[in-house]
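Participant: predicted model and sequence below, questions to follow.
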Amino acid sequence: VSIYKRRIGVFVIILLVLVPLFIFLNKAVEEDRTNGKPTSQAAEAKAAKPTKKREVVSEKTSSEDASQLAESEEVTVNKETSQESGDIEATETEAADEPRDVGLKDFLVVIDPGHQLRANLEKEPVGPNATETKIKVSGGTTGVATGKPEYVLTLEASLLLGQMLEKNGVQVIYTRTTHNVSISNRERAEIANQNKADLFVRIHADGAEDPNVTGLSVLTPAQNNPYTVGIYQDSLQASQMIIEAAEKNPAIKVNGVKSRSDLSGFNWSQVPSTLIEMGYMTNPTEDKNLSDEEYLTKLLTDIADGILQYARYKGE
Ligand SMILES: [Zn+2]
């Protein structure tokens, strides 16, 4: 019996020593693993961090920086995001809300509906530092068949043109949206300058003593005019693109581009400028056409196409 007791005693002592030793060693190994190589939980936490960071970056990209990204670049960003964070839906929805022609949304057109309710016969210099003066705003012409004043037609046409451009993602500012204003031709150009317009588009209709004269013309700053040296080339480019777009329409008689150095609205402009004489209100047929919604819409669609072509050309 005593031998058994002694053996049990030794066994108990061994157990008392070995069990805590085993527990101690096991714990030490586990701690060592946590410090050196990450446990599965730690590994998850570390992997999640960069994913979250990337999500923030992609959100910022789609909401704030996207305005500076071309469409193709944005698609690349979305792909990267979807591969690594799996957050596809949100980014794709945001991208779909962007205007279709992303390259045009930084392009600003200032549209000037020619003339106003009352002519302003006061005078202003024809250009910066000029001694020669010219009346601030002339009265414009009147439709021989419709009796419509030019300032009414130019505002109707300008608002339609602006809507067409805006639909294509272009920014539009008008020099006037009502008739009873007093804005000189110099001041109209200065509105374009102050807004740093990419193109200043002046909308007018023609008049002539001969009622048989018809057709659309685009006026552009003349080559050797000292006031418009800096804007000559781009203005001509825009004017030509508008004329070429209009020439594709068989319903419109197109006269071509005409150079002018006597217009205050060009001479005061520091941004590329063009003036569209949509047609002759002194010709009964053309006057009626210009007040026909279908004809005017077609004509302005062509003008908008020319402007959009110029905008894309400048954006390249
Ligand atoms: Zn006019």
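Facilitator: Received, thanks.

Participant: next to the ion, which bits of the chain? Give me the list.
Facilitator: 114, 140, 204 (C-beta under 5 Å from the ion). In short, each C-beta sits where N, CA and C put it, glycine included.

Participant: longest helix of the chain?
Facilitator: Counting residues, the longest helix in the chain under DSSP state H turns out to be helix 2-35.

Participant: for the stretch 51-200 of the chain, what spans make up the strands?
Facilitator: Counting by DSSP state E, counting those that start in this stretch, one finds strands in the stretch 51-200 of the chain at the ranges 108-113, 120-125, 133-137, 171-174, 199-206.

Participant: any chance of TSV for those strands, columns mean pLDDT and mean neighbour count?
Facilitator: Below are those laid out as TSV (pLDDT from 0 to 100; neighbours: other C-beta atoms under 10 Å):
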stretch	mean pLDDT	mean neighbour count
strand 108-113	98	25
strand 120-125	96	14
strand 133-137	96	18
strand 171-174	98	17
strand 199-206	98	26
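
Participant: quick one, which of those strands is nearest to residue 312?
Facilitator: Of all the strands of the stretch 51-200 of the chain, it is strand 199-206 that lies closest to residue 312, at 12.2 Å by C-beta to C-beta.

Participant: list the helices and strands that closest one packs on?
Facilitator: The contact analysis (3 or more C-beta pairs under 8 Å, 6 or more residues apart in numbering; DSSP states H and E) places strand 199-206 against strand 108-113, helix 150-167, helix 185-194, strand 273-280, helix 293-315.

Participant: mind listing what that strand pairs with, with the direction of each?
Facilitator: Within its sheet, and counting by DSSP bridges, strand 199-206 is paired with strand 108-113 (parallel), strand 273-280 (parallel).

Participant: for residue 130, see how far away residue 272 is.
Facilitator: 21 Å (C-beta to C-beta, to the nearest Å).

Participant: which one of those two has more residues nearby?
Facilitator: More crowded of residue 272 and residue 130, by other C-beta atoms under 10 Å: residue 272, with 26 against 15.

Participant: got a list of what the more buried one touches?
Facilitator: By C-beta atoms under 8 Å, 6 or more residues apart in numbering, the residues touching residue 272 are 198-200, 231, 234-235, 237-238.

Participant: pLDDT value on residue 59, please?
Facilitator: Looking at residue 59, its pLDDT stands at 36.

Participant: roughly how far is stretch 265-283 from the heart of the chain?
Facilitator: Relative to its chain's centre, stretch 265-283 lies at 23 Å (C-alpha atoms, centre = their mean, to the nearest Å).

Participant: ugh, wrong one, stretch 299-312
Facilitator: 14 Å.

Participant: with only the CA atoms kept, save that stretch in PDB.
Facilitator: This file holds the C-alpha atoms of stretch 299-312, laid out as PDB (Å, rounded to 0.1, in the frame of the first residue of the first chain):
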ATOM      1  CA  LEU A 299     -30.700  76.700 -88.300                       C
ATOM      2  CA  LEU A 300     -29.700  77.000 -84.600                       C
ATOM      3  CA  THR A 301     -28.900  73.200 -84.500                       C
ATOM      4  CA  ASP A 302     -26.400  73.800 -87.200                       C
ATOM      5  CA  ILE A 303     -24.900  76.800 -85.400                       C
ATOM      6  CA  ALA A 304     -24.700  74.700 -82.200                       C
ATOM      7  CA  ASP A 305     -23.000  71.900 -84.100                       C
ATOM      8  CA  GLY A 306     -20.400  74.400 -85.300                       C
ATOM      9  CA  ILE A 307     -19.800  75.700 -81.800                       C
ATOM     10  CA  LEU A 308     -19.600  72.200 -80.400                       C
ATOM     11  CA  GLN A 309     -17.100  71.300 -83.100                       C
ATOM     12  CA  TYR A 310     -14.900  74.300 -82.100                       C
ATOM     13  CA  ALA A 311     -15.300  73.300 -78.400                       C
ATOM     14  CA  ARG A 312     -14.000  69.800 -79.100                       C
END
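
Participant: list the buried residues in that stretch.
Facilitator: Neighbour counts over stretch 299-312 (16 or more other C-beta atoms under 10 Å) mark 299-311 as buried.
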